[in-house]
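A.B. asks: Based on what follows, work out the 3D shape:
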Amino acid sequence: MTEQPASTSPEDAQVEVVDNPDRHRFDIRVGGKRVGFSMYRDVDDITDAPQRIFFHTVIGDEFGGQGLASTLTRDALAQTTAAGRRIVPICPYVEKWVSRHDDIEGHVDAVLPAHLDAVR
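C.D. replies: As a prediction, this is how the structure comes out:
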């Protein structure tokens, strides 16, 4: 992560979540600078439906406690379901977020051993 100026915060800069498929992650940017990401792997051969496995989420230390992980997760999962993929939450943060948001429940699949193998 690159160091951010102290004045850059979600309150005074635009926050956006962008899919970065070449790097298999969603980036969250504040004022155009990447401050975190959520890694994923797309799989089409484990179940009958296309899935996206979320396995690692990071927010830079200087941006912690500002709700950015929640924003990142909400937008990444919304983009995933809009793309017709089901969600597999291996990442502990994503798993916890999903458990607190009933509206996403119908789009989530249980983690299987094959999902764990897919991200090793």
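
A.B. asks: Centroid-nearest residue for the chain?
C.D. replies: residue 38 (3.8 Å; C-alpha atoms, centre = their mean).

A.B. asks: can you pull out the helices in the chain?
C.D. replies: Using DSSP state H, the helices of the chain run over 68-82, 92-99, 113-118.

A.B. asks: Reformat those as JSON lines; add mean neighbour count, mean pLDDT and distance to residue 24.
C.D. replies: No exception for glycine: its C-beta is placed from N, CA and C like everyone else's. JSON lines is the format used below for the helices of the chain (neighbours: other C-beta atoms under 10 Å; pLDDT from 0 to 100; distance: least, C-beta to C-beta, whole Å):
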{"stretch": "helix 68-82", "mean neighbour count": "19", "mean pLDDT": "98", "distance to residue 24": "12"}
{"stretch": "helix 92-99", "mean neighbour count": "17", "mean pLDDT": "98", "distance to residue 24": "14"}
{"stretch": "helix 113-118", "mean neighbour count": "14", "mean pLDDT": "98", "distance to residue 24": "11"}
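
A.B. asks: same for the longest strand along the chain, what does it pack against?
C.D. replies: Looking across the chain with DSSP state E, the single longest strand is strand 33-43. The contact analysis (3 or more C-beta pairs under 8 Å, 6 or more residues apart in numbering; DSSP states H and E) places strand 33-43 against strand 25-30, strand 51-59, helix 68-82, helix 113-118.

A.B. asks: who touches the nearest residue in space to residue 114 that is not next to it in sequence in this structure?
C.D. replies: Spatial nearest neighbour of residue 114, chain neighbours left out: residue 46 (4.7 Å); criterion: C-beta to C-beta, 6 or more residues apart in numbering. Applying C-beta atoms under 8 Å, 6 or more residues apart in numbering to residue 46 gives the contacts 112, 114-115, 118.
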